[in-house]
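Undergrad: A predicted structure for the sequence below; I have some questions about it.
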Amino acid sequence: MSPIKIIPKKKKNPKYKREEPIAVDDYISDEKNEFINRDLERNVTYLRSKLGDSGDVIIRHIQPHPQLKMVIVYIDGLSGALQIQESVIKSVMEWSEKYMEEEHGSHFIATMGDSIMTVGDIGYCEHYSEVFSAILSGDSVILVDGYTRAVIAKTKDPNKRDVTEPKTQSVVRGPQEGFTEDIRTNTSLVRRKIRSVDLRLECNLVGRYTQTDVSIMYIKGIANDEILNEVRSRIKKIDIDGILESAYIEELVQDSTLSPFPTIFNSERPDVIAAGLLEGRIAILVDGTPFVLLVPVVFPQFFQAAEDYYQRSDFGLMRMLRYVAFFFALLSPSLFIAIKTYHQELIPTPLMITLAAQREGVPFPAFVEALIMEITFEILREAGIRMPKAVGQAISIVGALVIGQAAVEAGFVTPAMVIVVAITAISTFVFPAYNLAIAVRGLRFAFMVLAATFGLFGVTVGLFMLVIHLCSLRSFGVPYMFPIAPYNSTDQRDSIFHLPLKWLQTRPRLINQTNLTRQQSVKKSPEE
Amino acid sequence: MKILKVSIILLLVLSLVSGCWNRRELSELVIALAIGLDKTDDGFRFTVQLINPTVSSEATKKGAVGSTVRTISAEGQTLFSAWRKLTKKSPRKTYFAHVQLLVLQEKLVKEDISKFLDPLIRDHDFRTDFYVLVSKENNAKEILTTLTFLEPIPALSLKSMLAASNENLGTATVYEFDEVLEDLKTKGKELVISGVRVKGDPEEGSMVPSTETSNPKSYLMLEDLAVFKESKIIGWFNEDQSKGYNYSQGRMKSTAEVLSCPMNKEGKLTVEIIRSNASMDAKLIKGVPKLTIDVEAEGNIVDVECKLDPSDLKILKEIEKDLTKKIKSEIKETIQVSQEEFQSDTLGFGSVVHRKEPAYWRKNKDRWADLFPEIQYDIKVSAKVRNTGSLGQSLSEKGG
């Protein structure tokens, strides 16, 4: 007998992966068929068993009249206790006591809901599934003994974060409000900016456990129907246990998973989202996060800051600066390595002498030197994000000393390399969209390897590959490099350049072909 | 997915296995900034000026001692064999792409220079934008070993010296290597290169203490222009002839012309030339080409040592006439020397004829060396005085 047990290799069959039976499915389907029982005690038992005696589930029995028993079910914390007390319990008890004296009719439930309860919104239900979703979203359910209908009172606690200044995308001039975690607040922020009946909101619940509200927002007549249908179908296809942030949706609906470049835009500024909607883009709002998604997106959009539109037009000088920063962030270490180790003839002679002098006594090749500095910087940056605020100063002192002086004085790296890494690091933070910086960061290391092995030739080949990749990307059917490739002359006015608003009369062309006019030409008005 | 995996592995293998071919860290190289060629009995002596980066660079200079450069020489039958022997004396591979200067020994250029310049063009390391100088009297090695003031690296110092004297005095010419090659190949234009020499004892000039005194006993100095005929040196232009040469070539940027005062012939007056332009034309007159040299010059009065009222237009006209005469005589002298003494077409008459009268040139280009000394020419100079400076009447004008 062989002592080694041969474990048969599991056959992968990805086609059937999703349809594996999961307990939750049974639970949901089971509950869907279940009607509310006439017997209150049985209902209470059932609710208790389903909600698992959780400590925050409140099942409040009230008996306004000896013959009338009812329970109010809600989750403490989600529902406003004060509102339940004032608008539900108090009004129901006072009224039903009198009602039971006079008449015991079959319209009891309807009357109670429609005429008595002083709550903003009222619903009725007969299925347990509706009962559960109401309870879990913060509403309270009133079950009455002897009736199969229940009243849902919208007693959601308005307890939420105030609208504050957006932390990640700040401006000098422009609206200082940002989205919050509450989707209703977020939709209202957009609605306040676009007061049009054409602004539509479609709600979906995504996530088997989380049942997160994922809403699609668009302007009817501007947004492209094909793209809209594509967004709808992609969101509908999502089957996941939970959605905790809009990044989940982004990952699940994006066009290219392996590309380092983001094909979906996100912002926590209502004005940016409103501007996107007016250009015919579609916003995806996810409950629980201040970051709202915008599709489709093109590459130049990641270089457009909200402030470009709020300050006097500089014809895109600042934008071009951001493009320059993009190339700095992407290429400066690799170009430095390539020129320093392969193409010394490109360096001006006086600089060459200085660089050669700095190189004396440095033990590592330029590539390793750059790698040490880049990795040190990335560690510092990562630590800067994660560390507790109280130790921030310690990190910055260590960072400044380690990355700057000490590394040079210890002879680990050359001062020139410190400058290059510093320029690279600062350039990374220039982009208005942080997720582009993540893409650039990864590619930078690839370019450094290319530069160290093949010199400028390698960098050139890498750039070619990058351009080909960028041109092959699509965001919901729209070419990623639009309007540069495919070229569109009209849209050049607001991509790399930024002409004054007066001359930006049309919306981006590839997103919507029918409703293009943003503003009538200003010249026409005096004739009227 | 499989294709992706395979291509990633291939890329990794490619970048790791192929290695870093031709990769050179800066600390594996020693940078040559100047090369000098001397003649030896059976071949060449190849001298390079190598920089000592730690001492040369301002950034890392603190505490570093020693000379900014080190020259090493090697001898060989051919240029290339000599320069490969350098490795025996240098700890690192010599890097030639930053060469700024090529110094040729006068004795060496008495032979055909086109023969030995070949490897400098053929080798891919060299760029062709370095300056070329001929060392007068001294040998090239002595030029390269002399230390200089202000600019710690002699090659760079000599280069900026050359540029400065070309721009402000007009006696030197700035020829880059590719221009030298062009003139070598052009029939009807002979080569003219600036000369350089060491004043004083070359041995003393190579010591570091020579940079630590305000009045060193030996130093580098630009001198005259070397005139070539058929790729061999044949003589030297003196200062005035050098100026005439630069005027005629349109290479004169700025210079000073000393004239005598129009009223009082004993006093001196200096005009600073601020702009000049030249053009040449050739015409056949009775089957013989005649050259016309047109020179325009503009200058300012900068120094007056006699009683003179420069606001007087009549006097200005007089000065302009003198200036014209002076420039004309300088150019004329240059041509006379070229025609009679050197019989070398330094001004490029031949190439002008080639351009203007191609038929004549085709017939006579092989006889041009014989024809050139007899060529008739006409010099037209128009000199203007534009500015008389911030002083009206001169200091010697008393009372007003």
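TA: Looks like it came in fine. Residues are numbered from 1 along each chain as shown, chains lettered A, B, ... in the order given.
Undergrad: correct me, but A:Cys471 touches A:Tyr487?
TA: No: using CB atoms under 8 Å, A:Cys471 makes no contact with A:Tyr487, being 11.5 Å away. Where C-beta positions appear, they are placed from N, C-alpha and C, glycine not excepted.
Undergrad: so B:Glu176 makes contact with B:Phe130?
TA: Yes: contact criterion CB under 8 Å: B:Glu176 and B:Phe130 qualify, at 6.8 Å.
Undergrad: those two: who's more crowded?
TA: B:Phe130 (23 against 15; other CB atoms under 10 Å in any protein chain shown).
Undergrad: who's more crowded, A:Cys471 and A:Tyr487?
TA: Per other CB under 10 Å, whichever of A:Cys471 and A:Tyr487 has more neighbours is A:Cys471, with 15 against 10.
Undergrad: so which elements touch the helix or strand encompassing the more buried one?
TA: Here A:Cys471 sits within helix A:434-472, counting by DSSP states H and E. Helices and strands touching helix A:434-472, by 3 or more CB pairs under 8 Å, 6 or more residues apart in numbering or on different chains; DSSP states H and E, are helix A:317-341, helix A:366-386, helix A:415-428, helix B:2-17.
Undergrad: so the longest one versus helix A:434-472, what angle?
TA: Angle between the axes of helix A:317-341 and helix A:434-472 is 80 degrees (criterion: axes from the mean of the first three to the mean of the last three CA atoms, to 10 degrees).
Undergrad: tell me which residues are up against the next helix or strand after helix A:317-341.
TA: Sequence order places helix A:349-359 as the next helix or strand after helix A:317-341, per DSSP H and E. Outside helix A:349-359, the residues within contact range by CB atoms under 8 Å, 6 or more residues apart in numbering or on different chains are A:340, A:344, A:347, A:414-416, B:25-27, B:29, B:31, B:33, B:51, B:53-54, B:56-60, B:98, B:100, B:153, B:156.
Undergrad: show me how to select, in ChimeraX, the buried members of these.
TA: Of the contacts of helix A:349-359, the buried ones go into a single ChimeraX selection, burial set by 16 or more other CB atoms under 10 Å in any protein chain shown:
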select /A:340,344,347,414,415,416 /B:25,26,27,29,31,33,51,53,54,56,57,60,98,100,153,156
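Undergrad: pull out the buried residues from stretch B:154-172.
TA: B:154-159, B:161-162, B:165-166, B:169-172.
Undergrad: ok, it near chain A or not?
TA: Yes: residues of stretch B:154-172 contacting chain A under CB under 8 Å from any CB of the partner chain: B:Leu156.
Undergrad: how about the helices in the stretch 201-350 of chain A?
TA: Remark: helices assigned in the stretch 201-350 of chain A by DSSP state H, counting those that start in this stretch are A:225-237, A:246-253, A:270-278, A:317-341, A:349-359.
Undergrad: so which elements touch the third one?
TA: Right, the one you point to is helix A:270-278. Looks like helix A:270-278 contacts helix A:183-193, strand A:212-219, strand A:265-267, strand A:282-286, strand A:292-295 (3+ CB pairs under 8 Å, 6+ apart).
Undergrad: what's the angle from the longest one to helix A:270-278?
TA: By that I understand helix A:183-193. Going by the same axes, to 10 degrees, helix A:183-193 makes 70 degrees with helix A:270-278.
Undergrad: who's in contact with helix A:183-193?
TA: A:160, A:163, A:177, A:179-180, A:199, A:201, A:213, A:215, A:217, A:270-271, A:273-274, A:277, A:283, A:285-288, A:290, A:292.
Undergrad: any of those residues buried? List them.
TA: Buried residues within these, counting neighbours by 16+ other CB under 10 Å: A:163, A:177, A:179-180, A:199, A:213, A:215, A:217, A:270-271, A:273-274, A:277, A:283, A:285-287, A:290, A:292.
Undergrad: ok, how many other residues are close to the residue of the stretch 251-400 of chain B found nearest chain A?
TA: Chain A sits closest to B:Lys253 of the stretch 251-400 of chain B, with a gap of 23.0 Å, by CB to the nearest CB. Counted with other CB under 10 Å, the neighbours of B:Lys253 add up to 17.
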